[in-house]
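Engineer: Provided below for reference: sequence and predicted model.
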Amino acid sequence: MNNSEFIHHQHAHCESGVSSNLLGHEGIHISEPMAFGIGAGLFFGHLPFLKVNGTPGTTYRIWPGAIFKRVAQRLGVTIHTERFSDQDKAMKALDDILATGKPVGILGSVFYLPYLPEAFRFHFNAHNFVAYGKEDGNYLISDPIMEEASRIAPEDLVKSRFAKGTPQPKGFMYYVTGTSKDVDMAKAIEKGIKQMCYFMLAPPLPWFGNNGITLLANKIKGYPEKLGARKAGLYLGNVIRMQEEIGTGGAGFRYLYAAFLQEAGQLLKRDDLLRYSEELTKIGDGWRNFAYRAARIMKDRTSDLVSYDELSDLLKVCGKEEKELFTTLQKLKW
Amino acid sequence: MNVNEVPQDPRDLKHDGKIRKLMYAVGKDGKYTGVNSEGWEAENYALEQAWDDIEKTLELTEAQVRKGEVSPIAYFMQKTLMDTALLASYAGKWQWQVKRHFKPGVFKKLSQATLSMYARIFNITVDELTTFGKDKQQGFR
């Protein structure tokens, strides 16, 4: 148990960042890439029939709460997670835990977080941050995507925790209850990699995992004809925003996972992991190029089929290369 | 992506504040490290486009409210970046009920309780909600 001051560190992604910060507070120092890899955070899903604010839903990550739960499990950390139906009870429960000096992970909507720039504040309900205390009636917040710690008024925090829409956070909060002394990092890394490969490769459905990337690529090909120039541009814009913004999905996640493979390779002294890290970095560059080209098409307001075809092919290549890499990773000997 | 390729394109958005995101990139020694980014052209453009679209829609809806074609609820729903489904979920109503409230005639007859519920969702006062789109000088018709 650690009663010292909570230290805020900035990270690239919210939940892996929160996991790293919360565990670090308990004396288990793992980097954000480690948390992301062990927690098997990388995923993909494209659901054309599930419209979010009028555009098809695309996700680049596993469902909220999963990364922290998996990391904790694999490192012998016991945690408590709770959802609420009653707002007052949820705030009281948070206050009670904070009063014991324990930082608490919180799931909420970015729309109601005034410390974020307005440009980023859409109704995105799967954001994670840490509350680590209270001062003058306001909550002290460590939001991993921010450089510095922040503060938030209780009325805003309630709104964020009980935002409506998909998914509903329902006041979800989580914290560490106990840690274990013997941590088997090698085993944790192995399990994390296997699980990520399984989720990316196994689903026999067109919408999830690697299949979803091909599905999105095919859909993009048909955008200009099906939607017209303006709407096609908006759909593309949404893909980029989900990829690069608060969601930090496309290239960002590939680099994050590549950083994990590198760290794991160094820790376990395995050159093959280092090599796969380099490969994934290149695939990440491909995702980046895809986003860049998509933005160009939007900017030039071209709706000619050739540009959309090219774009679709770029994404397809990312998906294909990834599939090969993850298939190799899945067959690794441990 | 190498460290020197981490984009540093400052955003120039009217809604913007300062945020320098952390990105992972490969350093000269081949090792991954975190680097702060001022922003990225492609992402900035996608954001700009999303906000432009919102503002255009808002202008159209404001004009419709002034002409008495839709109620201010439709305007503030868009202003708070919601769609009918999300607003209905906040209001604890069915979508068809919320859509009915977009009709100026129905809106006029809404109870004080319903109005204050909407005002609370939009984070404005009941007065701001009911007087929106009514020009004071030309208020009497």
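Structural biologist: The structure has been received and is ready for your questions. Numbering: from 1, shown residues only, chains lettered A, B, ... in the order given.

Engineer: CA atoms for contacts and neighbours, from now on please.
Structural biologist: Fine.

Engineer: So the helix-or-strand element of chain B with minimal mean pLDDT, near chain A or not?
Structural biologist: Scoring the helices and strands of chain B by mean pLDDT, DSSP states H and E places helix B:41-66 at the bottom, with a mean of 92. Yes - interface with chain A: helix B:41-66 contributes B:Ala42, B:Glu43, B:Tyr45, B:Ala46, B:Leu47, B:Gln49, B:Ala50, B:Trp51 (C-alpha under 8 Å from any C-alpha of the partner chain).

Engineer: okay, those residues in TSV with neighbour count and distance to A:Ile30 next?
Structural biologist: Output for the residues of helix B:41-66 next to chain A, formatted as TSV (neighbours: other C-alpha atoms under 10 Å in any protein chain shown; distance: C-alpha to C-alpha, whole Å):
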residue	neighbour count	distance to A:Ile30
B:Ala42	25	32
B:Glu43	22	30
B:Tyr45	22	35
B:Ala46	27	33
B:Leu47	21	33
B:Gln49	19	38
B:Ala50	18	36
B:Trp51	16	38
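
Engineer: and A:Pro48, that one's in a helix?
Structural biologist: No - per DSSP: H, G, I helix; E, B strand; the rest coil, A:Pro48 lies outside any helix segment and is strand.

Engineer: quick one: it and A:Pro56 touch, right?
Structural biologist: Yes - using C-alpha atoms under 8 Å, A:Pro48 is in contact with A:Pro56, at 4.6 Å.

Engineer: which is the next helix or strand following the least confident helix or strand of chain B?
Structural biologist: helix B:72-79 (DSSP states H and E).

Engineer: Quick one: distance of the strand or helix carrying A:Tyr257 to the chain centre.
Structural biologist: Secondary-structure assignment from DSSP H and E places A:Tyr257 in helix A:250-268. In terms of C-alpha atoms, centre = their mean, to the nearest Å, the gap separating the centre of helix A:250-268 from the centre of its chain is 14 Å.

Engineer: Export it to CSV, keeping only CA atoms.
Structural biologist: C-alpha atoms of helix A:250-268 as CSV (Å, rounded to 0.1, in the frame of the first residue of the first chain):
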residue,chain,number,x,y,z
GLY,A,250,-4.4,3.9,-36.4
ALA,A,251,-0.7,4.6,-36.6
GLY,A,252,-0.5,5.7,-33.0
PHE,A,253,-1.6,2.2,-31.7
ARG,A,254,0.8,0.5,-34.1
TYR,A,255,3.7,2.5,-32.8
LEU,A,256,2.5,1.9,-29.2
TYR,A,257,2.4,-1.8,-29.8
ALA,A,258,5.8,-1.8,-31.6
ALA,A,259,7.2,0.0,-28.6
PHE,A,260,5.8,-2.8,-26.5
LEU,A,261,7.3,-5.5,-28.7
GLN,A,262,10.7,-3.7,-28.5
GLU,A,263,10.6,-3.4,-24.7
ALA,A,264,9.5,-7.1,-24.4
GLY,A,265,12.3,-8.2,-26.8
GLN,A,266,14.9,-6.3,-24.7
LEU,A,267,13.5,-7.7,-21.4
LEU,A,268,13.2,-11.3,-22.5
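
Engineer: tell me which residues of it are tucked away?
Structural biologist: A:250-265 (16 or more other C-alpha atoms under 10 Å in any protein chain shown).

Engineer: pLDDT at residue 107, what is it?
Structural biologist: If you meant another chain, say so; for now it's chain A. You'll see A:Leu107 listed with a pLDDT of 96.

Engineer: Chain B was what I was after
Structural biologist: pLDDT for B:Phe107: 97.

Engineer: for the closest residue to it other than its chain neighbours, what are its contacts?
Structural biologist: In this structure, B:Phe107 finds its nearest non-sequential neighbour in B:His101, 5.2 Å apart by C-alpha to C-alpha, 6 or more residues apart in numbering or on different chains. By C-alpha atoms under 8 Å, 6 or more residues apart in numbering or on different chains, the contact set of B:His101 is B:Ser71, B:Ile73, B:Phe107.

Engineer: Next: A:Glu322.
Structural biologist: With contact set as C-alpha under 8 Å, 6+ apart, A:Glu322 has these partners: A:Asn210, A:Leu280, A:Ile283.

Engineer: The chain - how does it break down into domains?
Structural biologist: As the question left the chain open, I've gone with chain A. With domains defined by automatic domain parsing, chain A comprises A:14-30+A:78-178, A:186-330.

Engineer: look at chain B instead
Structural biologist: Taken from automatic domain parsing, chain B resolves into B:3-39, B:51-131.

Engineer: Lowest mean pLDDT across those domains, which one is that?
Structural biologist: Among the domains of chain B, domain B:3-39 carries the lowest mean pLDDT, at a mean of 86.

Engineer: for the chain, what spans make up the helices?
Structural biologist: Answering for chain A, as no chain was given. Per DSSP state H, chain A carries helices over the ranges A:14-25, A:32-38, A:66-74, A:87-99, A:154-161, A:185-201, A:210-244, A:250-268, A:271-300, A:305-330.

Engineer: was after chain B, sorry
Structural biologist: B:41-66, B:72-79, B:84-91, B:95-101, B:104-108, B:112-122, B:126-131.

Engineer: Which one of those lies nearest to A:Lys181?
Structural biologist: For the helices of chain B, the distance to A:Lys181 is smallest for helix B:41-66, at 43.1 Å, taking C-alpha to C-alpha.

Engineer: Which elements pack onto that closest one?
Structural biologist: Under the contact definition 3 or more C-alpha pairs under 8 Å, 6 or more residues apart in numbering or on different chains; DSSP states H and E, helix B:41-66 sits against helix A:210-244, helix A:271-300, helix B:72-79.

Engineer: Contact residues of chain B facing chain A?
Structural biologist: Applying C-alpha under 8 Å from any C-alpha, we find that chain B lies next to chain A at B:1, B:13, B:15-25, B:31-32, B:42-43, B:45-47, B:49-51, B:81-83, B:86, B:89-90.

Engineer: Give me the neighbour count for whichever residue of the stretch 51-200 of chain A sits closest to chain B.
Structural biologist: Nearest residue of the stretch 51-200 of chain A to chain B: A:Pro117, at 4.5 Å (C-alpha to the nearest C-alpha). Per other C-alpha atoms under 10 Å in any protein chain shown, the neighbour tally for A:Pro117 reads 14.

Engineer: Need the per-residue pLDDT for it.
Structural biologist: A:Pro117 is assigned 87 on the pLDDT scale.

Engineer: Now the most centrally placed residue in chain B: closest residue in space, sequence neighbours ignored.
Structural biologist: For chain B, the residue nearest the mean C-alpha position is B:Leu81 (3.3 Å; C-alpha atoms, centre = their mean). Nearest in space to B:Leu81, with sequence neighbours left out and distances taken as C-alpha to C-alpha, 6+ apart, is A:Phe122 at 6.9 Å.
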